[in-house]
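*Asks:* What follows is a predicted structure for the sequence shown.
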Amino acid sequence: MLGRLLALAALVVLSLLILYPALWMVSTSLKPDSQVFAYPPRWIPDPVMWGNYARAWASAPFTRYAINSLFYAVTVTFGTVLSCSLAAYGFSKLRFPGRDFLFVVMLSTMMIPGLVTLVPQYVLFSKLGWINTYLPLIVPSFFAGAFFTFLLRQYFLGIPNELLEAARVDGANELWIWARVVLPLATPALATVAIFTFDGAWNDYVNPLLYLNDERLYTLQVGLASFRSANDTQWQLLMAASVLVLLPVVLLFFVFQKYFIEGASLTGSVKG
Amino acid sequence: MSRAAPVHPPRRGLKARHREALWGYLFIAPWLIGFLCFVLGPMLFSLYASFTNYDITSRFDWVGVRNYVQLLTQDTRFWTALYNTAYYAVFAVPLGIATGLLIATLLNQEVRGQRLFRTIFFLPKVLTGVAVLLLWLWVFNPQVGLINTALYRLGVNENNLPLWFGDPAWSKPALIIMSMWAAAGGFMFYLAALRGVPRDLYESAQIDGASPWRQFWAVTVPLISPVIFFKLITGISGALQFWSESLILTKGGPSDSTLFYGLYIWQTAFTDLRMGYASAMAWILLLITLAITGLQLWFSKRWVHYEGEVR
């Protein structure tokens, strides 16, 4: 009993430590200029400046950036789910010479640092004339990354082969089985992949920074980073803009919480 | 891997098997093409470029091992970057695992409000990106930041407060504190594993008079060691590639104290346009990663305990 009380107390303290910076961000975003650096710091602004949000949004072309970010994240999510589920089906439900070897090759690519391919990929895309377009950010996602392919394969292995065999006897081809039998049964795993991909693309900073120089193509992340230096750091506006940038992901989390958490434990308990 | 399972009834003919193989190649074609175009091809190019003075515009001359020799013998910033990266990995990885494990252990105690706590502790996994990094900049502000205000209240003398990102001695610890906050979101991995530990093992340990601490080390850790091992492998390989945070927060400063390996590659390649030199650095990183992973796999035989080894 004492142990449980101690655990509860520890959890309360730890969760306050986790929440502290996030709440501070929201609090600062609602402060008038004069209270941002007030000492002792105050948590409840007086007056509450809701207008900071509109001011922050108007201080840079954030609407444009938001549309770009949304386009990037949605396209990459679509490409990843499509290509990874195709490859995962091939690796889990079809037999062909060299499959096990290729699967090991795929697994081993997960250990290659992204920094090794960063330079040559940049060279490739610049030779193709793709700099300052969304192609370098989007196209690779249609070619099945190893990690999510592996994750989906693990899930597909749990789908009984009898279902597939029955469809084959009825004359269905593999594409039809993939689309009509396997994908519907794998919705939770597909949702996990989709959410994590969207989250990753929405928060990606390095790739857009590298490939997009034209300000009209900026995503929210790049826009937010440049906002800091451009405006001599007005913290209350910066925090308001930050809250707005985080909002879609936080909403996504609350709506699809189940899949987020399922996905996290799925990626942790993988067995080869 | 499911190689032993009889996937298809044996009566299917040769033709059907050919057709199945063809479908198989079609389905994995996106991955295979992507592997050749975005992984294998680039890697070979990078390996070749590392032996040249490639600078993206004109020069692409073979210089042999000059880049490697220069990195290892003359480039002090290379060693600084390597040291900073090792420093970060040595502290951030174990502390991150301890944080996640601590939270998971506490949550495994059947406390009230499980759902609420889980949501809160998962937030760091969700709150990422530039917005949160800028928040940290504010948290670590020496004058008005949350941490120094708290330290001051706890009685730390005003002149002894750390300057965090303003002081080479404190900039890396600041990043490590940030990483622990982020690692809290990893508790799910351990919680899933902890739930799988049979209760009766604890009961018999209690009968033997084992303290909770002893139970943790003798029962819990061995049984969840595969998860810890997985997090160790991925954590170290991730820590070796930790750098984009420093690109946004510190640009490598003050005095190169947050010049991480990846940041140095980034600057060498895209600011100085010394692509050949950067490629040599990338290949050294690949070799280090492979060596460390190999060592861990070798050591793991001594401490990682796979319960279902034969099943």
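*Replies:* It's in. Since this is a predicted model, take the numbers as computed values, not measurements. Numbers count the residues shown, from 1 in each chain, chains lettered A, B, ... in the order given.
*Asks:* Where does the prediction get shaky in chain A?
*Replies:* When residues are selected by pLDDT under 70, those of chain A lie in A:1, A:39, A:230-231, A:265-272.
*Asks:* OK, now which residue of it is nearest to chain B?
*Replies:* For chain A and chain B, the shortest gap (Cβ to the nearest Cβ) falls at residue A:143, measuring 2.5 Å. Placement of C-beta: from N, CA and C, glycine included.
*Asks:* helices or strands next to the host helix or strand of residue A:22 in the packing?
*Replies:* Taking DSSP states H and E as the criterion, residue A:22 maps to helix A:2-29. Helix A:2-29 is packed against helix A:51-58, helix A:235-255, helix B:76-107, helix B:114-126, helix B:130-139, helix B:146-153, helix B:168-183, with contacts defined by 3 or more Cβ pairs under 8 Å, 6 or more residues apart in numbering or on different chains; DSSP states H and E.
*Asks:* related to what we said a few turns ago, wait, what's in contact with the closest residue to the residue of chain A closest to chain B other than its chain neighbours?
*Replies:* Sequence neighbours aside, residue B:34 is the residue nearest to residue A:143 in space, at 2.5 Å (criterion: Cβ to Cβ, 6 or more residues apart in numbering or on different chains). Neighbouring residues of residue B:34 by Cβ atoms under 8 Å, 6 or more residues apart in numbering or on different chains: A:83, A:140, A:142-145.
*Asks:* Turn those residues into CSV, columns for neighbour count and secondary structure.
*Replies:* Listed next are those as CSV, based on neighbours: other Cβ atoms under 10 Å in any protein chain shown; DSSP: H, G, I helix; E, B strand; the rest coil:
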residue, neighbour count, secondary structure
A:83, 23, helix
A:140, 22, helix
A:142, 17, helix
A:143, 22, helix
A:144, 31, coil
A:145, 24, coil
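*Asks:* before we move on, back to that, which one of the helices and strands packed on helix A:2-29 has the most crowded surroundings?
*Replies:* Counting by mean count of other Cβ atoms under 10 Å in any protein chain shown, helix B:130-139 has the highest mean neighbour count of these, with a mean of 23.
*Asks:* how much does it deviate in direction from helix B:146-153?
*Replies:* If you take axes from the mean of the first three to the mean of the last three Cα atoms, to 10 degrees, helix B:130-139 sits at 20 degrees to helix B:146-153.
*Asks:* Output helix B:130-139 as PDB, restricted to C-alpha atoms.
*Replies:* Provided in PDB are the C-alpha atoms of helix B:130-139 (Å, rounded to 0.1, in the frame of the first residue of the first chain):
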ATOM      1  CA  VAL B 130      11.200  23.300 -34.300                       C
ATOM      2  CA  ALA B 131       8.500  24.700 -32.000                       C
ATOM      3  CA  VAL B 132       9.600  22.600 -29.100                       C
ATOM      4  CA  LEU B 133      13.300  23.300 -29.600                       C
ATOM      5  CA  LEU B 134      12.600  27.000 -29.500                       C
ATOM      6  CA  LEU B 135      10.700  26.400 -26.200                       C
ATOM      7  CA  TRP B 136      13.800  24.700 -24.800                       C
ATOM      8  CA  LEU B 137      15.900  27.700 -25.800                       C
ATOM      9  CA  TRP B 138      13.500  29.700 -23.500                       C
ATOM     10  CA  VAL B 139      13.600  27.100 -20.700                       C
END
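*Asks:* Outside of it itself, which residues are in contact with it?
*Replies:* Here helix B:130-139 makes contact (Cβ under 8 Å, 6+ apart) with A:21-22, A:24-25, A:28, A:203, A:205, A:221-222, A:224-225, A:228, A:235, A:238-239, A:241-243, A:245-246, B:145-147, B:165, B:174, B:178, B:245, B:248-249.
*Asks:* How about stretch B:63-82?
*Replies:* B:50-53, B:256, B:259-261, B:263-264, B:276-277, B:279-281, B:284.
*Asks:* Equivalent analysis for stretch B:233-249, please.
*Replies:* By Cβ under 8 Å, 6+ apart, stretch B:233-249 touches A:111, A:113-115, A:205-206, A:225, B:85, B:88-89, B:92-93, B:96-97, B:130, B:133-134, B:136-137, B:165, B:175, B:178-179, B:252, B:258-263, B:265-266, B:285, B:288-289, B:292-293, B:296.
*Asks:* what mean pLDDT would you report for that stretch?
*Replies:* Averaged across stretch B:233-249, the pLDDT comes to 93.
*Asks:* wouldn't residue B:303 be in contact with residue B:226 here?
*Replies:* No - between residue B:303 and residue B:226 there is no contact under Cβ atoms under 8 Å: 10.6 Å.
*Asks:* More neighbours: which of these two?
*Replies:* Set side by side, residue B:303 and residue B:226 show more neighbours around residue B:226, with 20 against 11, by other Cβ atoms under 10 Å in any protein chain shown.
*Asks:* Kindly reformat the helices and strands packed on helix A:2-29 as TSV containing distance to residue B:23.
*Replies:* Output for these, formatted as TSV (distance: least, Cβ to Cβ, whole Å):
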stretch	distance to residue B:23
helix A:51-58	50
helix A:235-255	35
helix B:76-107	41
helix B:114-126	37
helix B:130-139	43
helix B:146-153	57
helix B:168-183	42
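*Asks:* give the contact list for the residue of chain A closest to chain B.
*Replies:* Counted by Cβ under 8 Å, 6+ apart, residue A:143 has contacts A:83, B:30-31, B:33-35, B:37-38.
*Asks:* now swap in residue B:253 and tell me
*Replies:* Applying Cβ under 8 Å, 6+ apart, the residues contacting residue B:253 are residue B:171.
*Asks:* try 10 Å
*Replies:* With contacts defined as Cβ atoms under 10 Å, 6 or more residues apart in numbering or on different chains, residue B:253 is in contact with B:165-166, B:168, B:171, B:246, B:259.
*Asks:* again, but for residue A:123
*Replies:* Neighbours of residue A:123 in contact, by Cβ under 10 Å, 6+ apart: B:42, B:45-46, B:49, B:54, B:56, B:269, B:275, B:279.
*Asks:* What about these, which one has the most neighbours?
*Replies:* Using other Cβ under 10 Å as the neighbour criterion, residue B:279 leads the contacts of residue A:123 with 30 neighbours.
*Asks:* That residue contacts residue B:269, doesn't it?
*Replies:* Yes - counting by Cβ atoms under 10 Å, residue B:269 is a contact partner of residue B:279 at 8.0 Å.
*Asks:* In the stretch 151-300 of chain B, which residue sits closest to chain A?
*Replies:* For the stretch 151-300 of chain B, Cβ to the nearest Cβ, closest residue to chain A: residue B:189, 3.0 Å.
*Asks:* what's around that residue, how many residues?
*Replies:* 25.
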